[in-house]
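Peer 1: Okay, predicted coordinates and the sequence, questions at the end:
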Amino acid sequence: MKILVADDLPENRALLDKLLTRMRHQVVLAANGGEAVALFAATDPDLVLMDIMMPAMDGLQAIKAIRAIGRDKWTPIFVVSALSETEDIVAGLEAGADDYLPKPFNQAILQAKLNSVQRFLDMQQVIAADTAQLKIYRDRNETEQLFLQNIFARLIRQNDLKDDYLQFWLKPAHRFSGDLISARRISQQQIYFMLADSTGHGLAAAIPTVIVNQAFQAMTRKGLAIAIIVREINRLLYSQMPPDRFVALTIGMIDSARKSIEIWNGGLPAAMALNAAGEVMHAFQSRHTFAGILPDAEFDDRCELWQWQAACELFVYSDGLTDAQNAEHARFGPHGVIAALSANPAGRRIDAVKAALERHLATGDAHDDISCMAIRCL
């Protein structure tokens, strides 16, 4: 080890130099606290033996100055003091020292304490090596995560969500979202829409949404019926994903010419058609199990069709919205959603829900993905 010895008495420095050199340690000598601080910064020792009573700068000041020097590793400091000088030992420990070395010097005690320091240094080296390895893994994982994020951004494009009659909000709890919002307008009167909520969180939850989105995009482009689209989504999830990976799903079409909303809801909260006053005109309850659970032969693709008599706005959301808890563990709940919706006109309700939830969470974070969508039906 490289050991810095700070003592104003030449005979003490000479004795420690002789003992430590005989034990095959490298010794750096300082005659006062100021020299000790300067040599500590210049030589980077493994251990410091610090006398307390020294001129210019005493040991206590030197210990504090050394501890103020920022370093990647921890360097033990021993107070060198006679056993009768208890106050010096206590003051040194309070200043930042780790242990003490009693005077007169006992070679056996000195050797035992140095062995203890060596074990500490060995452990510190192991921890430093493990930390460096963890940083390599972390950096590599960060690179891979960014790469995957870029792929997901390309696979799940939201260009079709730029619609004058549609607003949405999606807030992932993690880097990858298990919630998905998609829409496609095929004419001035007709728009397909979908909100999906995959089980789990993060990347594992995001992967099924890629399957769902690609099927939705391909099949709505062809103008196929909702029943056909949702059956194909279920078939793909059932055949390609593990049994414990499934997707809650609301998918449908709004047809303004027929003044109708057709919806298949499997596992999501009820989609709500709201009038101008924010009252619920109709609720599309979940009447099916999640997509991806049942084989094709057992799957029920029947949709619910509803026609409006006056202009309305359809609001669809995932349970991450209602389940969001604040610091007191109170849920935002359906009442929070309804209160925000009913107090605001069509076209502004997504912003109102977002603001209300942010007030509810205050400085906290949601622990689940949150998504909601509103489409005006005119």
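Peer 2: Okay, I see it.
Peer 1: Report the buried residues of stretch 44-63.
Peer 2: Under the neighbour-count criterion of 16 or more other Cβ atoms under 10 Å, stretch 44-63 has 45-52, 54, 57-63 buried. Using the backbone N, CA and C atoms, a C-beta is placed for each residue, glycine as well.
Peer 1: Inside helices: which ones of the residues you listed?
Peer 2: Gly59, Leu60, Gln61, Ala62, Ile63 (DSSP state H).
Peer 1: Could you single out the nearest of those residues to Gln107?
Peer 2: Gly59 (22.7 Å; Cβ to Cβ).
Peer 1: Leaving out chain neighbours, which residue sits closest to Ala227?
Peer 2: Asp301 (4.1 Å; Cβ to Cβ, 6 or more residues apart in numbering).
Peer 1: How about Gly267?
Peer 2: Ala248 (3.3 Å).
Peer 1: got the contact list for Ala340?
Peer 2: Arg349, Ala352, Val353, Ala355, Ala356, Leu357 (Cβ atoms under 8 Å, 6 or more residues apart in numbering).
Peer 1: Kindly recompute the last result at 6 Å.
Peer 2: Contact analysis of Ala340 by Cβ atoms under 6 Å, 6 or more residues apart in numbering lists Ala352, Val353, Ala356.
Peer 1: What are the buried residues along the helix or strand containing the last one?
Peer 2: The one in question is Ala356. Secondary structure from DSSP states H and E places Ala356 in helix 349-361. Within helix 349-361, the residues scored as buried using 16+ other Cβ under 10 Å are Arg349, Ile350, Ala352, Val353, Lys354, Ala356, Leu357, His360, Leu361.
Peer 1: Output the contacting helices and strands for the helix or strand that that helix is followed by.
Peer 2: Next along the chain after helix 349-361, taking DSSP H and E as the criterion, comes strand 370-377. Using 3 or more Cβ pairs under 6 Å, 6 or more residues apart in numbering; DSSP states H and E, the elements in contact with strand 370-377 are strand 166-171, strand 179-185, strand 312-317, helix 319-323.
Peer 1: got CSV for the ones you listed, with mean pLDDT too?
Peer 2: Converted to CSV, the helices and strands packed on strand 370-377 look like this (pLDDT from 0 to 100):
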stretch, mean pLDDT
strand 166-171, 92
strand 179-185, 93
strand 312-317, 97
helix 319-323, 95
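Peer 1: Please identify the most buried of those.
Peer 2: strand 312-317 (a mean of 26; mean count of other Cβ atoms under 10 Å).
Peer 1: chain center to that one, what's the gap?
Peer 2: In this view, strand 312-317 has its centroid 30 Å away from the chain centroid, taken as Cα atoms, centre = their mean, to the nearest Å.
Peer 1: got the contact list for it?
Peer 2: Taking Cβ under 6 Å, 6+ apart as the rule, strand 312-317 contacts 195, 250, 271-275, 281, 346, 372-377.
Peer 1: That one vs strand 166-171, what angle?
Peer 2: Comparing the axes of strand 312-317 and strand 166-171 via axes from the mean of the first three to the mean of the last three Cα atoms, to 10 degrees yields an angle of 20 degrees.
Peer 1: what residues are up against the spatially closest residue to Ile293 that is not a sequence neighbour?
Peer 2: Nearest non-adjacent residue to Ile293, counting by Cβ to Cβ, 6+ apart: Phe246, 5.0 Å away. Going by Cβ under 6 Å, 6+ apart, Phe246 touches Thr199, Phe290, Gly292, Ile293.
Peer 1: Make a markdown table from the ones in helices among the buried residues of stretch 44-63 and add distance to Leu180 to it.
Peer 2: Output for those, formatted as a markdown table (distance: Cβ to Cβ, whole Å):
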| residue | distance to Leu180 |
| --- | --- |
| Gly59 | 65 |
| Leu60 | 63 |
| Gln61 | 63 |
| Ala62 | 62 |
| Ile63 | 59 |
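Peer 1: quick one: which of those is nearest Arg140?
Peer 2: Set against Arg140, the nearest of these by Cβ to Cβ is Ile63 (40.3 Å).
Peer 1: Tell me if I'm right that the closest one and Leu93 touch.
Peer 2: No. Here Ile63 lies out of contact with Leu93, judged by Cβ atoms under 6 Å, at a distance of 9.4 Å.
Peer 1: Could you check the pLDDT of Cys377?
Peer 2: The score at Cys377 is 95. That number is its pLDDT.
Peer 1: and it, bridged to which residues?
Peer 2: Residues in a beta bridge with Cys377, per DSSP bridges, are Cys312.
Peer 1: where's it relative to Ser318, distance?
Peer 2: 21 Å (Cβ to Cβ, to the nearest Å).
Peer 1: again with Asn326
Peer 2: Distance of Asn326 to Ser318, given as Cβ to Cβ: 18 Å.
Peer 1: Mind checking which of those two has more residues around it?
Peer 2: Ser318 (27 against 16; other Cβ atoms under 10 Å).
Peer 1: tell me the contacts of the more buried one?
Peer 2: Asp179, Asp197, Ser371.
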